[in-house]
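1. Take this sequence and fold it.
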Amino acid sequence: MLQQTQVSRIAERFPRFLRRFPSLKSLASASLDEVLAEWEGLGYYRRAKLLHQTARAVVAEHRGRMPEDPEDLRRLPGIGRYTAGAIASLAFGRRTSLVDGNVARVILRLGGIEHAIDSPQASRHCWSFADRLVEVAEDPARLNEGLMELGATVCTPTSPACNRCPLRTGCVARAEERQDLLPRPKTRAARRVVVHHAVLLRDARGRVWLEQRAEKGLWAGMWQCPTIEGGGPLDEVTVATRLGLAGTPLWIAEEFVHQTTHRAVRFRVMTAGVVESMPRRSGRWFTATATRGLAMGVPQRRTLAIGGVVSPFPAARAAGTSRAAARGTRSARAGSRRGS
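-> As a prediction, the model looks like this:
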């Protein structure tokens, strides 16, 4: 959970996840849909799938006990060099290094290194430095945890608290007054704007039609309303035709923007009257109650809320929607239909 997610976001979810899956065996025996449903709202759902695969691999190949050796750990799904080092040193006391973003920032500032933090040169330098540190450390686990904590709370990305850093006397960046300039930031690609036309369909019994997304890509394998994706907005007639519902009147209920790491996804939520039957599409009718147990992404759950299938979408759960996106939603609802 801590990979690519802030501690504050998972503080509440981690204990709940452990209550639902108190052991590797219970996690391994659960269905992927159950795991994804419990992960809902944390994003980067591929992590949940890899965690599930790892639990099954540990049960099948290691009798339900996590291996201690870093190389054995790295053979498990989703566990790379950093995670293997973290598990081996923090859980088992093994003399092995780790480098995450916080540790890399500390090491690069200490040496006054000019490389961008995500460059191969920076990676090689940081791992080599971390290896040398852990070899002479009295307690590798305390060293690694201390470096991570130092980067998270003192040697922060902006306005580092150099006056209370225990390493300040040996820090090149501080001595040269470059602590706010180093390390050089990552080179980020501009977010790509895509449009998802999500259509909420009900039958005469009030059930809603849902389909599963493809096994790769955004929200892979999770449930959603029938959705047409593309680079620009489509009119209601075109959307209905592409879904195999030609002649079914659709109208726009609401629009919102969901931000992901690399995309700004503009959702155009459409609804229709009662649908007597569905064309040959891979999906199922669900009652409102049944939708609660399905694995769905935040924007897909929000789509159901817009259609009144589930309770109104809590503001706190709309983490993917920026203020600018909210302004776009309001303008869309006012009739501009342009979003943000």
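
2. What count of nearby residues applies to residue 277?
-> The number of residues packed near residue 277 is 5, by other CB atoms under 10 Å. Glycine gets a C-beta too; all of them are placed from N, C-alpha and C.

3. now do the one 3 residues further on
-> Taking other CB under 10 Å as the criterion, the count of residues near residue 280 is 5.

4. so it touches residue 244, yeah?
-> Yes: using CB atoms under 8 Å, residue 280 makes contact with residue 244 at a distance of 7.5 Å.

5. Spell out which helix or strand contains residue 271, please.
-> strand 263-274 (DSSP states H and E).

6. Same question for that strand: list its buried residues.
-> 264, 265, 266, 267, 268, 269, 270, 271, 272 (16 or more other CB atoms under 10 Å).

7. what's the second one in contact with, if anything?
-> With contact set as CB atoms under 8 Å, 6 or more residues apart in numbering, residue 265 has these partners: 194, 195, 196, 218, 257, 258, 259, 299.

8. So the second one: helix, strand or coil?
-> Going by DSSP: H, G, I helix; E, B strand; the rest coil, the secondary structure assigned to residue 195 is strand.

9. roughly how far apart are the residue nearest to it when sequence neighbours are not counted and residue 65?
-> Leaving aside its chain neighbours, residue 195 sits nearest to residue 266 (4.8 Å; criterion: CB to CB, 6 or more residues apart in numbering). Remark: distance between residue 266 and residue 65 (CB to CB, to the nearest Å) = 47 Å.

10. before we move on, what about residue 149?
-> The gap separating residue 149 from residue 65 is 28 Å, by CB to CB.

11. Comparing the two, which residue is more hemmed in?
-> More crowded of residue 149 and residue 65, by other CB under 10 Å: residue 149, with 13 against 9.

12. Tell me where the model's unsure across this protein.
-> Along the chain, segments meeting pLDDT under 70 span 312-340.

13. how does it divide up, domain by domain?
-> 7-92, 101-175, 193-333 (automatic domain parsing).

14. End to end on the second one, go ahead and measure it.
-> Across domain 101-175, the terminal residues are separated by 22 Å (CA to CA, to the nearest Å).

15. Which parts of the stretch 1-150 of the chain are strands?
-> Read by DSSP state E, counting those that start in this stretch, the stretch 1-150 of the chain holds no strands at all.

16. ok so, going back, could the domains of the chain go into TSV alongside distance to residue 1?
-> Shown next, in TSV, are the domains of the chain (distance: least, CB to CB, whole Å):
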stretch	distance to residue 1
domain 7-92	4
domain 101-175	15
domain 193-333	15
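
17. Could you work out which of these reaches nearest to residue 186?
-> domain 101-175 (4.4 Å; CB to CB).

18. how far does the closest one sit from the chain's center?
-> Mean-position distance between domain 101-175 and its chain equals 26 Å (CA atoms, centre = their mean, to the nearest Å).

19. cool, and stretch 250-264?
-> Centroid separation for stretch 250-264 versus its chain: 17 Å, with CA atoms, centre = their mean.

20. same deal with stretch 98-111?
-> The answer for stretch 98-111 is 23 Å, by CA atoms, centre = their mean.

21. residues making contact with that stretch?
-> 81-82, 85-86, 89, 113, 115, 117, 122-123, 125-127, 129-130, 144, 147-152, 155, 157, 160, 167, 170-174, 179, 182-183.

22. List buried residues within those.
-> 81-82, 85-86, 89, 113, 115, 117, 122, 125-127, 129-130, 144, 147-148, 150-152, 155, 160, 171, 173-174, 179, 182-183.

23. which ones among those are found in helices?
-> Judged by DSSP state H, helices contain the following of the buried ones among the contacts of stretch 98-111: 81-82, 85-86, 122, 125-127, 129-130, 144, 147-148, 150-152, 173-174.

24. Just give me the neighbour total for residue 196.
-> 20.

25. which ones are touching it?
-> 227, 228, 229, 265, 266, 267, 268, 299.

26. What is the neighbour count of the spatially closest residue to the first one that is not a sequence neighbour?
-> With CB to CB, 6+ apart as the criterion, residue 227 has its nearest non-adjacent residue at 4.8 Å, and that residue is residue 198. Around residue 198 there are 24 other residues, counting by other CB under 10 Å.
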